[in-house]
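Asks: Need a 3D model of the sequence below.
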Amino acid sequence: MRIIGFILMCIIGAVVVSNSSNWVLASEPSFSIVRQGAESKFPEGVRFFLEVNSIEPITDIRVYFEKMGQSSRRSYRSLEFEEGTSVSAEFLMRSGSGGQYIPPGTRIEYFFEIYDDAGQANQTEEVTFIYLDPQFEWKTLTDGLITVFFDGESMTDVGRTILETASTTLEYMSPVLGIDPEEPLHIVTYENYRDMSKALPFRSEATSKHLITQGMAFREERVLLVHGKSDSVVGTTSHEFTHLLLADAAGRAIQRVPTWLNEGLAEYGNQHSSGEYARYLQYAIKNGKLKPLWHLGTFSGSPGEILLGYGQGQSVVEYLVSTYGQNKMAELIRSIKSTFDIDAGLKLTYGFDQHGLDSEWRRSLGVDPLPSPKKKIPEEPQQGVELPTIIAPVLKPIPTAVVPTSGDKILPTVDIDSTNNIYRNDPIASTGKDEKPKGTPAPGCSIIYNSPVVQSDVSTLTLLGGALSLFGFVVWRKRG
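Replies: Sure, this is the predicted structure:
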């Protein structure tokens, strides 16, 4: 144990020495800033730049940045420049490369560190930058917590509608989710879908040809993009904004929230929900086609089966809240956050797991419950379940995807990370106009999860790796 303790002390001492002996934080700046900042190079990314004069030759300039949101993590990159006492340096943080898509509306906090030949390190003050498409003259409306970005006076009324919808959704869903958000939430709205499509993550040409995205939520960045002139803007905003609020409540456990609960809550918070999902649900009830709840951790299958999943999720959430109250739902979210497991969370909150909930819910509908999964319930959902194709009225579109039919042929669903989408026969490409899409409702709702860039100090990792290897060798010799 003494040997192990000695080695650990050596590791700590070596790390401290490696990070402090070479560089000393200057008590007074030994440089003068000529110009610094961040510039939107949408859609390529964010350009960080710095022009500085120094007494000693500058050897390294780093920009430290983090996308402010659910799980902010600071990263750094070295800027490119020619060494000297007067330098001009820059670095482009790219959007879209390596999964590092940056949605418009993202808040980025950054500062620079300047290293000179005398071994001094200087740091600039932290600055917050909002990444937006610079071709627009963005205007804002805010209630303090929620800020809506829109372009042009003609979108002012739309902006007010979106802000009011989001504020109302927050007020309505806060007790259901047990949250009181403090960090800003941004909604960027577009008048023209052609402009909004440029702001969306990369999609294949085939996907773009048949898909209009009405709204897309980005959990990490706490950002929502909305097509403001969509007829379903209220439903889209409230549904997708609920996704952001649920992510706020669940934290890192959000990816362990099953889709039936995630989408069920989003529809519970939808202020303009259509009855389309209920029609699929009623058909399934009548014909014995309900799926086991534990098979709806994710939605898959035909468009009809996915629509049924939305209908079941919405119905189950409404049953839980109406039967046990809003406080219990908030407690369930907290339980999932602590256990990272839906069945454990349900048991802690209600005393039953997904099978128990499924049984109670079925009885409330007058349907016989299923046997326990322990009694050899098939691990996979039933295959080949055929559900009817129900045509929704075109005059009342809902904030979900729309799959058009071509004769008797249904276009295939597309696996994308988007939220409320509409499939269409590419009216923009064919006519050059931003026409309203037409078609049959089908869902395409899921939340975006971005993984942040991680930058490590290679010298420290190398040092730790060597010391830990020695530690492993000592333990191995002792065991031998």
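Asks: how about low-confidence regions in the stretch 101-250 of the chain?
Replies: Across the stretch 101-250 of the chain, residues meeting the criterion (pLDDT under 70) sit at 202-211.
Asks: Helices of the stretch 51-200 of the chain, start to end?
Replies: Shown for the stretch 51-200 of the chain, the helices assigned by DSSP state H, counting those that start in this stretch span residues 156-177, 193-199.
Asks: Nearest to H272, out of those helices?
Replies: Minimum separation from H272 across the helices of the stretch 51-200 of the chain (Cβ to Cβ) falls at helix 156-177, 8.7 Å. (Each C-beta comes from the backbone N, C-alpha and C, glycine too.)
Asks: just to revisit the earlier point, could I get the helices of the stretch 51-200 of the chain in a markdown table, plus columns for mean neighbour count and distance to G345?
Replies: Compiled in a markdown table, these are given as follows (neighbours: other Cβ atoms under 10 Å; distance: least, Cβ to Cβ, whole Å):
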| stretch | mean neighbour count | distance to G345 |
| --- | --- | --- |
| helix 156-177 | 19 | 14 |
| helix 193-199 | 18 | 35 |
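Asks: Can you check which of these gets nearest to Q354?
Replies: Across those, closest to Q354 is helix 156-177 (Cβ to Cβ), at 19.6 Å.
Asks: C-alpha coordinates for the closest one, CSV please?
Replies: Written as CSV, here are the backbone C-alpha positions of helix 156-177 (Å, rounded to 0.1, in the frame of the first residue of the first chain):
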residue,chain,number,x,y,z
THR,A,156,-43.4,39.6,-35.9
ASP,A,157,-46.9,38.1,-35.4
VAL,A,158,-45.6,34.6,-36.0
GLY,A,159,-42.8,35.2,-33.5
ARG,A,160,-45.3,36.3,-30.9
THR,A,161,-47.4,33.2,-31.6
ILE,A,162,-44.4,31.0,-31.2
LEU,A,163,-43.3,32.7,-28.0
GLU,A,164,-46.7,32.5,-26.5
THR,A,165,-47.0,28.9,-27.5
ALA,A,166,-43.7,28.0,-25.9
SER,A,167,-44.4,30.0,-22.7
THR,A,168,-47.8,28.3,-22.4
THR,A,169,-46.3,24.9,-23.0
LEU,A,170,-43.7,25.6,-20.3
GLU,A,171,-46.4,26.7,-17.8
TYR,A,172,-48.5,23.6,-18.6
MET,A,173,-45.8,21.0,-18.6
SER,A,174,-43.6,22.3,-15.7
PRO,A,175,-45.7,20.5,-13.0
VAL,A,176,-46.0,17.4,-15.2
LEU,A,177,-42.2,17.1,-15.6
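Asks: Show me what that helix is packed against.
Replies: Contact partners of helix 156-177 among helices and strands, from 3 or more Cβ pairs under 8 Å, 6 or more residues apart in numbering; DSSP states H and E: strand 138-142, strand 146-151, strand 185-190, helix 233-250, helix 259-268, helix 326-339.
Asks: closest one to Q214 among the ones you listed?
Replies: Among these, helix 233-250 sits nearest to Q214 (Cβ to Cβ), with 4.7 Å.
Asks: Next, the angle from that closest one to strand 146-151.
Replies: For helix 233-250 against strand 146-151, the angle by axes from the mean of the first three to the mean of the last three Cα atoms, to 10 degrees is 140 degrees.
Asks: now L132, nearest residue through space, not along the chain?
Replies: P104 (5.1 Å; Cβ to Cβ, 6 or more residues apart in numbering).
Asks: Surely the one you found and F42 touch.
Replies: Yes: assessed by Cβ atoms under 8 Å, P104 is found in contact with F42 at 7.0 Å.
Asks: what about these two, which has more around it?
Replies: P104 (26 against 18; other Cβ atoms under 10 Å).
Asks: Dump the helices of the stretch 51-200 of the chain to a markdown table, plus distance to V46.
Replies: Below are those laid out as a markdown table (distance: least, Cβ to Cβ, whole Å):
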| stretch | distance to V46 |
| --- | --- |
| helix 156-177 | 25 |
| helix 193-199 | 14 |
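Asks: Identify whichever of the ones you listed lies nearest to G325.
Replies: Closest to G325 of the helices of the stretch 51-200 of the chain is helix 156-177 (Cβ to Cβ; 9.5 Å).
Asks: residues in contact with that closest one?
Replies: If you take Cβ atoms under 8 Å, 6 or more residues apart in numbering as the criterion, helix 156-177 is touched by 139, 141-143, 145-146, 148, 150, 179-181, 185, 187, 189, 191, 224, 226, 228-229, 233-234, 237-238, 241-242, 245-246, 248-249, 265, 268-269, 271, 321, 326-327, 329-330, 333.
Asks: Can I get the longest strand along the chain as CSV, trimmed to CA atoms?
Replies: In the chain, assigned by DSSP state E, the strand with the most residues is strand 45-67. Taking Å, rounded to 0.1, in the frame of the first residue of the first chain, the C-alpha atoms of strand 45-67 are listed here in CSV:
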residue,chain,number,x,y,z
GLY,A,45,-19.3,26.9,-38.9
VAL,A,46,-17.8,29.6,-36.6
ARG,A,47,-14.6,31.4,-37.3
PHE,A,48,-12.6,32.5,-34.2
PHE,A,49,-10.0,35.2,-34.8
LEU,A,50,-7.4,37.2,-32.8
GLU,A,51,-5.0,39.9,-33.7
VAL,A,52,-2.5,40.6,-30.9
ASN,A,53,0.8,42.5,-30.1
SER,A,54,3.1,41.1,-27.5
ILE,A,55,6.5,42.0,-25.9
GLU,A,56,7.8,38.5,-26.4
PRO,A,57,7.3,36.3,-29.5
ILE,A,58,4.0,34.5,-29.4
THR,A,59,4.4,30.7,-29.7
ASP,A,60,0.8,29.4,-29.3
ILE,A,61,-2.8,30.7,-29.2
ARG,A,62,-5.7,28.5,-28.2
VAL,A,63,-9.4,29.2,-28.2
TYR,A,64,-11.4,27.4,-25.5
PHE,A,65,-15.1,27.0,-26.3
GLU,A,66,-18.2,25.2,-25.3
LYS,A,67,-21.7,25.0,-26.7
